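A.B. asks: Sharing a model prediction with you, sequence too.
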Amino acid sequence: MWHRTQAAAVIVNNRPSRAMPMIVYEVTALVEPNLAAAYERFMRELHIPDLMKTGLFEGAVIEQASPSKYRTRYVASTREDLDRYLTEHAPRLRADFNEKFPSGVEVTREQWTVLEQFA
């Protein structure tokens, strides 16, 4: 059975969330096989926790499609939160990432607007 999530009724992290539209910032990484374990450890232990500490995202998910393909999705409540992240925090976090992985990881980034969420 499908349930429609109503934007006005959504509470996330103990604060009201304008869930419609939510913004998903998606990062896909193609990782050379010899770097996969280090990449996964870096993302789980450092990068994603550092990004979440900005307070601009409601949550994050890291997924694996194959031994060398990863997708990380970060959910922001508003476009303003994502824009603030991109302006104030992304340059530092990207520099940290590039220092750790100067080669061997190809990254693409996309921004998605959630039209409707089903539970």
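C.D. replies: Cool, the structure landed.

A.B. asks: So what sits opposite the residue nearest to the spatial centre of the chain in the bridge?
C.D. replies: By CA atoms, centre = their mean, the chain has its centre lying nearest to Y74, at 2.4 Å. Judged by DSSP bridges, the bridge partners of Y74 are Y25, A60.

A.B. asks: Let me know whether it touches A60 as I believe.
C.D. replies: Yes. Taking CB atoms under 8 Å as the definition, Y74 is a contact partner of A60 at 4.8 Å. The way it works is simple: take the backbone N, C-alpha and C, and place the C-beta from them, glycine included.

A.B. asks: joint contacts of those two?
C.D. replies: The contact sets of Y74 and A60 overlap at L51 (CB atoms under 8 Å, 6 or more residues apart in numbering).

A.B. asks: follow-up on the earlier one: ok, so what distance separates the residue nearest to the centre of the chain from P67?
C.D. replies: As judged by CB to CB, to the nearest Å, Y74 and P67 stand 23 Å apart.
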